[in-house]
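Trainee: quick one, fold the following:
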Amino acid sequence: MAKKSSPIPKKADTTLPLLAHLLGLITGFLGPLIILLATEDKRAKTHAKKALNWQFSLLIYYAVSFVLMFVLIGFLTFFAVAILNIIFCIMAAVKASKEELWDYPLAIPFFETS
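Mentor: Next up is the predicted model:
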């Protein structure tokens, strides 16, 4: 007699949490903002808030870099912030695909996430 195999547990849908982070690379803060406003999924909203915190912080970092360009150090900081944006968004997306919540290291907490 063959044993019945136990059903494989379903993995939660990670599409919207993943998109919240990846859209930040393409659309800036607009992608995560649309996900935050359009979905009812609490996990997706939490990920969108984390992504928005980073994207708004990124705008501030770019503005400071722009001002610093007048003393030439801003070119380096602008490039460094752009590289960090790519790295951080990909890291957050990978964590979201594994159903984990990742805190962006340099993000200013504009939105409270629990």
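Trainee: may I see the buried residues of the longest helix along the chain?
Mentor: If you go by DSSP state H, the chain has its longest helix at helix 42-68. Neighbour counts over helix 42-68 (16 or more other CB atoms under 10 Å) mark 43-58, 61-62, 65 as buried. Glycine gets a C-beta too; all of them are placed from N, C-alpha and C.
Trainee: which helices and strands sit right next to the following helix or strand past that helix?
Mentor: Proceeding N to C from helix 42-68, the next assigned helix or strand is helix 73-97, under DSSP states H and E. Helices and strands touching helix 73-97, by 3 or more CB pairs under 8 Å, 6 or more residues apart in numbering; DSSP states H and E, are helix 15-27, helix 42-68.
Trainee: now the longest one: mean pLDDT?
Mentor: For helix 42-68, the mean pLDDT works out to 96.
Trainee: with the first one instead?
Mentor: pLDDT averaged over helix 15-27 equals 94, rounded to a whole number.
Trainee: give me the contacts around that helix.
Mentor: 30-32, 34-36, 39, 41, 43-44, 46-48, 50-51, 54-55, 85-86, 89-90, 92-93, 96-97 (CB atoms under 8 Å, 6 or more residues apart in numbering).
Trainee: C-alpha coordinates for it, PDB please?
Mentor: Extracted in PDB, the C-alpha atoms of helix 15-27 (Å, rounded to 0.1, in the frame of the first residue of the first chain):
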ATOM      1  CA  THR A  15       4.700  39.300  -6.300                       C
ATOM      2  CA  LEU A  16       3.500  42.700  -4.800                       C
ATOM      3  CA  PRO A  17       6.200  42.800  -2.100                       C
ATOM      4  CA  LEU A  18       8.800  42.000  -4.700                       C
ATOM      5  CA  LEU A  19       7.500  44.600  -7.100                       C
ATOM      6  CA  ALA A  20       7.400  47.300  -4.400                       C
ATOM      7  CA  HIS A  21      11.200  47.100  -4.200                       C
ATOM      8  CA  LEU A  22      12.000  46.600  -7.800                       C
ATOM      9  CA  LEU A  23       9.800  49.300  -9.100                       C
ATOM     10  CA  GLY A  24      11.800  51.700  -7.000                       C
ATOM     11  CA  LEU A  25      14.700  51.200  -9.400                       C
ATOM     12  CA  ILE A  26      12.600  52.100 -12.400                       C
ATOM     13  CA  THR A  27       9.900  54.600 -11.200                       C
END
